[in-house]
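Peer 1: From the sequence below, what's the structure:
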Amino acid sequence: PRREGAGRRMSWPRPVGLRAQVEKLWDRGELLASMVTGESLFPRRLLLKGPTSAEMSERFNELRAWIGELQAMAYCRVELREFRHRLFGTNAVPQEAWVDSLDDALALIGKRRDASRFGALLDLTRLRQPALLDWLARRPLRALELADAWGRLLDIVAWVHVHPRPGVYLRQVDVPGVHSKFIEAHRGVLGELLDLALPAEAVDLSVAGASQFARRYGFRERPARIRFRILDREHALLPGDPEQDLTLDARSFARLDPGVSRVFITENEVNFLAFPEVTDSLIIFGAGYGFEMLSEARWLSRCRLHYWGDIDTHGFAILDQLRAQFAHVDSFLMDRATLLAFEALWGEEDRQTLRDLPRLTPTESALYDDLRDNRLRRNLRLEQERVGFDWVQAALAALP
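Peer 2: From the prediction side, this is the model:
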């Protein structure tokens, strides 16, 4: 004869399912957050769908095993209701399951130790930086991840609170046990904490994100550096050095004014190094989309500027951005003739930019549209270092 319930899985909530309901509260941070806010989450009723009357009659042995599992479950209170079986008489079946306290919930899912660690963070924060309690309530699991570093993070917050917008490098923050690499590694979370702990006037709201941490909170930033080569020995800055490959901070470069009338900018280091001598000229090794560092060098406005980038959508986007700083920039070797002359060396751009570029000339715009619309080939790219050197020499000779 067929054994009762054979081939069917028990469909009623098992202890693991009830624990999973409480684990969701942990995963959402609600259990730890309640330790901060004092919000009462317990007693809490768990979802418990019991057997139907037909199941109680047809699967009685399974039912007894299920009842035993739930009644043996620690830290969970199971309420029963009576039912009468025609063969086995009066019995009781689980009707409701409850977790009565936060401590029971933590014990049920094995999180008492973690909650104790969080409690220590909470006590320390209440004592030293109560303005950060709201952050603890919003991001308790993140705080738990940072438990080993939390005391040092509070030390840094306290130091910046006493020294708002300090005007020093991160290396100069004098906090025992804290070094600049620790601060740099935790800029994201420190930004969230400092926004809460500092007065509004100590935060520059015009910048945001970990990369802008120093500027947002008034620390000194590493100076932007500009690398350039003098292409005319008549304008040499260092006597007896024919290479003239120099690097200056942006402020010093702005004050330089070497007296040249023409400046080239290229994105490729080999092209920068191999660029031939040109009368009354210098060349700058570019930095992709970072031309703000050139904006203080107003003497560039008096020079003829030529930008040489890859012939692809990003190359033209960089040219467009450079013209936001210097509207008179001419493109160099970024034309259709150069592209077609080196068709055998075409490559592929990883990810195109598709936005409109309002500062391109009509001729440049036509080529850019062909590239972004894939009219010549999909994701077409001609890297600047693939342009033959004779072609470069000829283009330089043709400049006015």
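Peer 1: Now do the helices in the stretch 51-200 of the chain.
Peer 2: 53-58, 60-71, 102-108, 112-128, 133-138, 140-145, 150-162, 180-185, 187-197 (DSSP state H, counting those that start in this stretch).
Peer 1: So Arg45, which state does it fall into?
Peer 2: strand (DSSP: H, G, I helix; E, B strand; the rest coil).
Peer 1: Surely it and Asp100 touch.
Peer 2: No: with contact defined as C-beta atoms under 8 Å, Arg45 does not reach Asp100; the gap is 10.4 Å. Every C-beta, even on glycine, is put in place using the N, C-alpha and C of the backbone.
Peer 1: I'd like the helices of the stretch 51-200 of the chain as JSON lines, with distance to Ala224, mean pLDDT and mean neighbour count appended.
Peer 2: Conversion of the helices of the stretch 51-200 of the chain to JSON lines gives the following (distance: least, C-beta to C-beta, whole Å; pLDDT from 0 to 100; neighbours: other C-beta atoms under 10 Å):
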{"stretch": "helix 53-58", "distance to Ala224": "74", "mean pLDDT": "65", "mean neighbour count": "14"}
{"stretch": "helix 60-71", "distance to Ala224": "67", "mean pLDDT": "77", "mean neighbour count": "16"}
{"stretch": "helix 102-108", "distance to Ala224": "51", "mean pLDDT": "97", "mean neighbour count": "19"}
{"stretch": "helix 112-128", "distance to Ala224": "37", "mean pLDDT": "97", "mean neighbour count": "15"}
{"stretch": "helix 133-138", "distance to Ala224": "33", "mean pLDDT": "97", "mean neighbour count": "17"}
{"stretch": "helix 140-145", "distance to Ala224": "33", "mean pLDDT": "98", "mean neighbour count": "18"}
{"stretch": "helix 150-162", "distance to Ala224": "24", "mean pLDDT": "97", "mean neighbour count": "17"}
{"stretch": "helix 180-185", "distance to Ala224": "18", "mean pLDDT": "95", "mean neighbour count": "14"}
{"stretch": "helix 187-197", "distance to Ala224": "19", "mean pLDDT": "97", "mean neighbour count": "17"}
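Peer 1: Among those helices, single out whichever gets nearest to Trp391.
Peer 2: Evaluated with C-beta to C-beta, those place helix 180-185 nearest to Trp391, the distance being 44.2 Å.
Peer 1: what's in contact with that closest one?
Peer 2: By C-beta atoms under 8 Å, 6 or more residues apart in numbering, the residues outside helix 180-185 that reach it are 149, 152, 156, 169-171, 173, 190.
Peer 1: and the two most separated of those?
Peer 2: That would be Ala149 and Tyr169, which, of the contacts of helix 180-185, are the farthest apart (C-beta to C-beta) at 20.9 Å.
Peer 1: circling back to that earlier point, for the helices of the stretch 51-200 of the chain, give me JSON lines that also has distance to Gln393.
Peer 2: Listed next are those as JSON lines, based on distance: least, C-beta to C-beta, whole Å:
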{"stretch": "helix 53-58", "distance to Gln393": "90"}
{"stretch": "helix 60-71", "distance to Gln393": "85"}
{"stretch": "helix 102-108", "distance to Gln393": "76"}
{"stretch": "helix 112-128", "distance to Gln393": "66"}
{"stretch": "helix 133-138", "distance to Gln393": "61"}
{"stretch": "helix 140-145", "distance to Gln393": "58"}
{"stretch": "helix 150-162", "distance to Gln393": "55"}
{"stretch": "helix 180-185", "distance to Gln393": "45"}
{"stretch": "helix 187-197", "distance to Gln393": "47"}
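Peer 1: Out of these, which gets nearest to Asp369?
Peer 2: Comparing those by C-beta to C-beta, helix 187-197 comes nearest, at 39.2 Å.
Peer 1: Tell me the helices and strands packed up against the closest one.
Peer 2: If you count contacts as 3 or more C-beta pairs under 8 Å, 6 or more residues apart in numbering; DSSP states H and E, helix 187-197 packs onto helix 133-138, helix 150-162, helix 213-216.
Peer 1: how about those helices, which one is nearest Ala20?
Peer 2: Of the helices and strands packed on helix 187-197, nearest to Ala20 by C-beta to C-beta is helix 133-138, at 24.0 Å.
Peer 1: What are the contacting residues of the closest one?
Peer 2: 29, 33, 36-37, 121-122, 125-126, 143, 192-193, 196.
Peer 1: hmm, 7 Å instead?
Peer 2: With contact meaning C-beta atoms under 7 Å, 6 or more residues apart in numbering, helix 133-138 is reached by 33, 36-37, 122, 125-126, 143, 192-193, 196.
Peer 1: do the same with stretch 148-155
Peer 2: 121, 124-125, 128-129, 143, 146, 175, 177-178, 182, 186, 189-190, 193.
Peer 1: go on, stretch 15-26?
Peer 2: By C-beta under 7 Å, 6+ apart, the residues outside stretch 15-26 that reach it are 31, 46-47, 69-70, 73, 76, 97, 99, 105, 108-109, 111.
Peer 1: low-confidence ranges in the stretch 251-400 of the chain?
Peer 2: Where the stretch 251-400 of the chain drops to pLDDT under 70, the residues are 287-290.
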